[in-house]
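Peer 1: curious how this folds, go ahead:
(chains A, B, C and D)
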Number of protein chains: 4
Amino acid sequence: MTSGGKKQIKVGILGATGTVGQRFIQLLSAHPYFKIHALGASSRSAGQEYAKATKWKLNTPIPDEIKTKVVQECKPTAEGFAECGVVFSGLDHDVAGDIEESFRQSNLIIFSNAKNYRRDPLCPLIVPLVNPSHLSIIAHQKKTLGLEKGYIVTNANCSTTGLVVPLAALEKGFGPLKTVMVTTLQAISGSGYPGVPSLDILDNVVPHIGGEEEKIEWETNKILGGLNSSNTEFDLHVSEEGKYGRINVSATTTRVPVIDGHTASVSVKFRDSKPTIEEIQKAFREYRCEAQELNVPSAPPQAIVLHEAPDRPQPRLDRDLHNGACVSVGRVRPCPVFDVKFICLVDNVRLGAATSSIMNAEIAVEKGLIV
Amino acid sequence: MTSGGKKQIKVGILGATGTVGQRFIQLLSAHPYFKIHALGASSRSAGQEYAKATKWKLNTPIPDEIKTKVVQECKPTAEGFAECGVVFSGLDHDVAGDIEESFRQSNLIIFSNAKNYRRDPLCPLIVPLVNPSHLSIIAHQKKTLGLEKGYIVTNANCSTTGLVVPLAALEKGFGPLKTVMVTTLQAISGSGYPGVPSLDILDNVVPHIGGEEEKIEWETNKILGGLNSSNTEFDLHVSEEGKYGRINVSATTTRVPVIDGHTASVSVKFRDSKPTIEEIQKAFREYRCEAQELNVPSAPPQAIVLHEAPDRPQPRLDRDLHNGACVSVGRVRPCPVFDVKFICLVDNVRLGAATSSIMNAEIAVEKGLIV
Amino acid sequence: MTSGGKKQIKVGILGATGTVGQRFIQLLSAHPYFKIHALGASSRSAGQEYAKATKWKLNTPIPDEIKTKVVQECKPTAEGFAECGVVFSGLDHDVAGDIEESFRQSNLIIFSNAKNYRRDPLCPLIVPLVNPSHLSIIAHQKKTLGLEKGYIVTNANCSTTGLVVPLAALEKGFGPLKTVMVTTLQAISGSGYPGVPSLDILDNVVPHIGGEEEKIEWETNKILGGLNSSNTEFDLHVSEEGKYGRINVSATTTRVPVIDGHTASVSVKFRDSKPTIEEIQKAFREYRCEAQELNVPSAPPQAIVLHEAPDRPQPRLDRDLHNGACVSVGRVRPCPVFDVKFICLVDNVRLGAATSSIMNAEIAVEKGLIV
Amino acid sequence: MTSGGKKQIKVGILGATGTVGQRFIQLLSAHPYFKIHALGASSRSAGQEYAKATKWKLNTPIPDEIKTKVVQECKPTAEGFAECGVVFSGLDHDVAGDIEESFRQSNLIIFSNAKNYRRDPLCPLIVPLVNPSHLSIIAHQKKTLGLEKGYIVTNANCSTTGLVVPLAALEKGFGPLKTVMVTTLQAISGSGYPGVPSLDILDNVVPHIGGEEEKIEWETNKILGGLNSSNTEFDLHVSEEGKYGRINVSATTTRVPVIDGHTASVSVKFRDSKPTIEEIQKAFREYRCEAQELNVPSAPPQAIVLHEAPDRPQPRLDRDLHNGACVSVGRVRPCPVFDVKFICLVDNVRLGAATSSIMNAEIAVEKGLIV
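Peer 2: From the prediction side, this is the model:
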């Protein structure tokens, strides 16, 4: 199958047996640009057929052609990876750093969902509905590392992803934000499998997710920040007091008994403007992004779905909108403390993880960065 | 049974078959000051034995002596109410206004969990761990209405209750607060029975609870506000811009799949001071209140339980501390935007409802306001 | 759109705003045979646009063309129904009896999910994957009632549906069953909306569903029973001791905190045969039914999906198989007491309700009973 | 504190940091007979203070005197165990076999919740509300092994425990049972911590618990079986066809999203009698057992609580009855296939585990088997 005459590109998946890896397989099994060619997992799984190596937890079956595919070790020399035009990584951060680097050194292209290279000054951190322009640093990355072809592109933490899309719409419409206060209510799938023990979360809230608050506070500034004119440096504006950047973000993250879909309660203050609630709603409704202009396969028809009902968005009812590739926003209303409050929702395993990696790669294809 | 030689006071319960009414019965069935004498409910239930009229949803059985007690209509003339020294109200707000007024006009004393009279300038709105001093307005209430004995005391909304206890500790320690931003994760029992349909909340979050945000934003200022020197007027300091009061509060309220226990994520800014995190933790730990000084039966040994573990408090594990009569606080840490962030938790049906009404009445007994 | 050259048939939906009604709309909004023409609901909803009249609880949006469609009263004379070739009923049983009869008397054809006419000796009770041959009684129904065109076809209770498909496969393979013991674990959606209060089911099991056990015990015998040679009478074989029929069925039904998907634990004894577990598994795997032979649009490729994994089927993972139109069976193993035990699972709102009504109507179209 | 003049006996707890171990600590922290003296856990925990070594998951705090107690390795020579009059074991079965044997060989007395010695012909398998008479085999156990003092007593699997209490009441009232068919709906705490991943059980049922069905089918026969007149051999009556015993039991076990409390749907056939439903209800209501006659501290006032409401027992509402030490029975009704059907419920971590071990030891104290 081809899209606009393009030949399908062979892809590999690292961490193929995990929660994000399973979504990669589900989303790539009938993809117009990409064809799954190699699956990598831990040495415990390597050598087994995929259906035996994984505990599949999605409500669609394992695609037939994947079931019997033999899982490889996560080594660039393992069978199949050398031919891959892109390698998607759903690896855990404790192993992702070394493995992804070894793939890059082998001149492979990695689109990674892991956190390891998000803060790397050479690696773009891209939410596909927000800042694909940051792909421009790739030339500098390859040059600096002396690589002809290999590079790493990361996508953001799942909660950050759901937050920055509406924030980008606000900055596009009304100029720079000054302050963001956010409390998240995150789904259990964000923690992988086996992840959160049921004894911890049934009839309960866990008001802490290790490292998550720092990610939201830091990543937001890189994603919404600029790239210098020579495309060699990100503009993070770390302030003298050590605060993370241009936008002062304060995040509290909690875990709730929801399977998929991270909800966030957000309050925002603009630096200069005072738009009305109606203007803000319009900005959300009309927000368009480069992924949509390029019309890549995973781009949702609406980057933001604005809900009018007073009790929406809700994870169970709204996470599947546009195949989990958009952000839902609702309850847009004045904030007695800042300028505006709203609720946003992202499918943490799709746009918050696998869909972002894939859409980033689709954009890279359209920009000629994957050939 | 008596306490310090006091004779037990006969009490009535309005809304006795509902969620809060059931807690009143559970908590009052072996109370040193009070003895359940009359039960009131809707005309549908009136005339039936209690065990038949109610759908009991607590995990302790209906006390034996209550099972066969006949439910009355909620009228001051119904059998038994005239002899009651206190009448506790767990009525729904759509009927509480008229019924409570009719009881007051019959010179009965009402301690109400309903919202109807919370904003009444004659009625105290009391969180027993915070502002029992506001009982001083009762003389003025009776005088103004020309009543010899009858008056109404209200307690706060369940979420407000969990919030103002730590806020009171902060104001006691470090002077006035300027700004409070709060997002709640509220239990289903807060909505009564049948309340939240299971189809709405299983694997879901509902990011809206009607009227709840306004209650938190308004009530906080009355509770933490003063009473003038003649004990005739509350000091609400409504600002010119129409903001609610001295403390600028912004609340977002959500419903989560938790049975009991409202969790809140709170960020706070002081007006004048900059205490350290350690000083704030100490203030929480050492907070003592009048209910404790008076040593009333429902007063918890600690008004605030400060949790050290990074992932506490949690509703399932911490709501039962001190029989649900305290507030749990944890994750006290700097806020990049305001001064300090923390998580707090209250048992919404005990301290957040029935326990507050009862403790308020206990304090009133000790102050000679119930005889 | 047409299927095999057929013109689309206009259809009405009664109870369109309820849980089953919403599924009818979702499943019929892009159907090759049927086109939604009229929506009926209670007089409270009548006159409103559908999107306003309903509380939509599905995770796909209301189809655009339905949103603004005006809801009618459930009367055969209400606008639109007269032109309908079929009327699907998702009505509650307390109103279904009279309304469905009035539609039939107006010579309309009703395919009903309600229980009211299931035991009627003139009405077929059809699980489309089991006994569409029972449609043969329709001529007798019309004749008896003196109607030229109008008739009622019912489908089974949701739990019965999930049970009788594997039982039919067993009887097809190995002859009559003698005894069936079944305990169900049923989803909350089976009770409609608002249905089960969350306080009743979070962290809980309710071991009782009113009337459900009798339905399973009775309906199983009608569905698996025969029709006499003149197609005028069902063969129920009610025994002298008053037991329900040929197959002695004992059912216990419970409610569990699952959104969609009824699970059942089943033990079965054959009257005459003693097949091996392997033979039984083969019978499940190879079971084919008339709906598949007729190749109607809603017929699943497999009527029964046989699971090999020891811990399947599971509602969350398997209810969506074949778009909820099949039954999952697993854990087929010897029973120390009877012959064989297994677990089965049905999507209670799809095959267990709306999908069955629709598939029954599709079969009726193919048999020339709807024109 | 003493009971009837008895001196408190020092006890050890093996597996003290696990789910059952935590319950042992909670239940023994203020026990009239026993005083916690030594805590054993894995070498990973040994040497740490208890509060640091455990992830405490109960809703009452760790008793103060236990918090700083240093955890030992599970060796009879580790500090403190030699002085213990009883050692309670909440060990996992993969280590319990060797450890418990080493304690016995050191002449220590073990009351174990682990499964390892349940089928041992020398070890009693005791549900304290059913068959404490089986303690009579202890003399034979010690003699056979040449031990002066050490022996092992086991208690049953949690699901078996909830089942055999009502079965014992039926056999006591109406003679031998012939057939039992049971389907369980088991709580997540039955699997320990971390135990069941939340992704497996939220909005789901897992229809399989490894080894559980065999335990119910086998253990029921040992518990309800006899001991020969010389107290040296259990009477298991294994039949020629290899069926487990006198009573033909068929069990299906499932996991549901419930925190504590195993529910079971049970159908029973008597060998000889045909009591009425009223007679059966009376037998449940009036069942008394030796633990009650001996009046040991953990014996519940009622061994069986018979529920009249048609939708009870329910785990959330009824598991706390009599401090989790009884079995709830409800929905007693005729079975179309066997004689009678009912629902039973047991608190799996209390009577189903720790409470049984403790009550068994209390009975042993009263019988002079622990000194």
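
Peer 1: which stretches of chain A form strands?
Peer 2: Using DSSP state E, the strands assigned to chain A run over residues A:9-14, A:34-41, A:72-73, A:86-89, A:109-112, A:151-154, A:177-186, A:226-227, A:234-235, A:248-255, A:262-270, A:304-306, A:327-334, A:340-346.

Peer 1: and these, which one's lowest on average pLDDT?
Peer 2: Among the strands of chain A, strand A:234-235 carries the lowest mean pLDDT, a mean of 87.

Peer 1: so the spatially closest residue to residue A:209 that is not a sequence neighbour bridges to which residues?
Peer 2: Nearest-residue entry for residue A:209: residue A:253, 4.5 Å, with adjacent residues in sequence omitted and distances by C-beta to C-beta, 6 or more residues apart in numbering or on different chains. Yep, even glycine has a C-beta here, placed from its N, CA and C like the rest. On the basis of DSSP bridges, residue A:253 is bridged to residue A:184.

Peer 1: residues near residue A:253, how many?
Peer 2: By other C-beta atoms under 10 Å in any protein chain shown, 26 other residues sit near residue A:253.

Peer 1: can you check residue A:64 too?
Peer 2: Neighbour count for residue A:64, taken as other C-beta under 10 Å: 9.

Peer 1: quick one: residues contacting the residue nearest to residue A:209.
Peer 2: Residues near residue A:253 by C-beta atoms under 8 Å, 6 or more residues apart in numbering or on different chains: A:159, A:183, A:184, A:186, A:208, A:209, A:212, A:213, A:216.

Peer 1: make JSON lines out of these and add neighbour count and distance to residue A:176.
Peer 2: Shown next, in JSON lines, are the contacts of residue A:253 (neighbours: other C-beta atoms under 10 Å in any protein chain shown; distance: C-beta to C-beta, whole Å):
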{"residue": "A:159", "neighbour count": "29", "distance to residue A:176": "22"}
{"residue": "A:183", "neighbour count": "29", "distance to residue A:176": "23"}
{"residue": "A:184", "neighbour count": "31", "distance to residue A:176": "23"}
{"residue": "A:186", "neighbour count": "28", "distance to residue A:176": "27"}
{"residue": "A:208", "neighbour count": "19", "distance to residue A:176": "31"}
{"residue": "A:209", "neighbour count": "19", "distance to residue A:176": "28"}
{"residue": "A:212", "neighbour count": "21", "distance to residue A:176": "25"}
{"residue": "A:213", "neighbour count": "23", "distance to residue A:176": "22"}
{"residue": "A:216", "neighbour count": "28", "distance to residue A:176": "18"}
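
Peer 1: redo those as TSV? Include distance to residue B:314.
Peer 2: Formatted as TSV, the contacts of residue A:253 follow (distance: C-beta to C-beta, whole Å):
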residue	distance to residue B:314
A:159	20
A:183	16
A:184	16
A:186	15
A:208	9
A:209	13
A:212	17
A:213	17
A:216	21
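
Peer 1: between these, which is closest to chain C?
Peer 2: Proximity of the contacts of residue A:253 to chain C (C-beta to the nearest C-beta) peaks at residue A:186, which lies at 18.8 Å.

Peer 1: just give the nearest non-adjacent residue to that closest one, would you?
Peer 2: In space, residue A:186 is closest to residue A:262, 4.6 Å off (C-beta to C-beta, 6+ apart).

Peer 1: my guess is the one you found meets residue A:188, correct?
Peer 2: No. Using C-beta atoms under 8 Å, residue A:262 is not in contact with residue A:188; the gap is 10.6 Å.

Peer 1: for these two, indicate the residue with more neighbours.
Peer 2: Between residue A:262 and residue A:188, residue A:262 has the larger neighbour count (other C-beta under 10 Å), namely 31 against 26.

Peer 1: residue contacts, that one?
Peer 2: A:158-159, A:162, A:184-187, A:190, A:315, A:345-346, A:348, A:352.

Peer 1: now those residues as TSV including distance to residue D:311?
Peer 2: Listed next are these as TSV, based on distance: C-beta to C-beta, whole Å:
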residue	distance to residue D:311
A:158	40
A:159	40
A:162	40
A:184	37
A:185	32
A:186	35
A:187	31
A:190	36
A:315	30
A:345	35
A:346	39
A:348	37
A:352	40
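
Peer 1: what is the nearest of the residues you listed to chain D?
Peer 2: Proximity of the contacts of residue A:262 to chain D (C-beta to the nearest C-beta) peaks at residue A:187, which lies at 9.6 Å.

Peer 1: what lines up beside the one helix or strand in chain A whose mean pLDDT sits lowest in the sheet?
Peer 2: Least confident element among the helices and strands of chain A, by mean pLDDT, DSSP states H and E: strand A:234-235 (a mean of 87). Here strand A:234-235 is paired, per DSSP bridges, with strand A:226-227 (antiparallel).

Peer 1: tell me the gap between the strand it pairs with and the middle of its chain.
Peer 2: Taking C-alpha atoms, centre = their mean, to the nearest Å, one finds strand A:226-227 lying 19 Å from the centre of the chain it belongs to.

Peer 1: which residues are in contact with that strand?
Peer 2: With contacts defined as C-beta under 8 Å, 6+ apart, strand A:226-227 is touched by A:133, A:134, A:136, A:137, A:233, A:234, A:235.

Peer 1: tally of neighbours for residue A:308?
Peer 2: The number of residues packed near residue A:308 is 9, by other C-beta under 10 Å.

Peer 1: ok, it to chain C distance?
Peer 2: Distance of residue A:308 to chain C, given as C-beta to the nearest C-beta, to the nearest Å: 11 Å.

Peer 1: likewise for residue A:112?
Peer 2: Going from residue A:112 to chain C by C-beta to the nearest C-beta gives 28 Å.

Peer 1: run a quick neighbour tally on that residue.
Peer 2: Neighbours of residue A:112 under the rule other C-beta under 10 Å: 28.

Peer 1: number of residues surrounding the nearest residue to it once chain neighbours are set aside?
Peer 2: Sequence neighbours aside, residue A:89 is the residue nearest to residue A:112 in space, at 3.9 Å (criterion: C-beta to C-beta, 6+ apart). Neighbour count of residue A:89, defined by other C-beta under 10 Å: 30.

Peer 1: so residue A:89 sits against residue A:102, correct?
Peer 2: No. Residue A:89 sits out of contact with residue A:102 when judged by C-beta under 8 Å, with a separation of 11.5 Å.

Peer 1: quick one: pLDDT of the residue of the stretch 201-350 of chain A found nearest chain D?
Peer 2: Distances from the stretch 201-350 of chain A to chain D, computed as C-beta to the nearest C-beta, single out residue A:201 as the nearest residue at 4.9 Å. Note for residue A:201: predicted pLDDT of 98.

Peer 1: is it true that it touches residue D:199?
Peer 2: No. Using C-beta under 8 Å, residue A:201 is not in contact with residue D:199; the gap is 10.0 Å.

Peer 1: shared neighbours of these two, anything?
Peer 2: By C-beta under 8 Å, 6+ apart, the residues touching both residue A:201 and residue D:199 are residue A:188.

Peer 1: for residue A:236, what are its contacts?
Peer 2: A:221, A:222, A:225, A:244, A:245, A:246.

Peer 1: for it, which non-adjacent residue is closest in space?
Peer 2: Spatially, and ignoring its direct neighbours in sequence, residue A:236 is nearest to residue A:245 (5.1 Å; C-beta to C-beta, 6+ apart).
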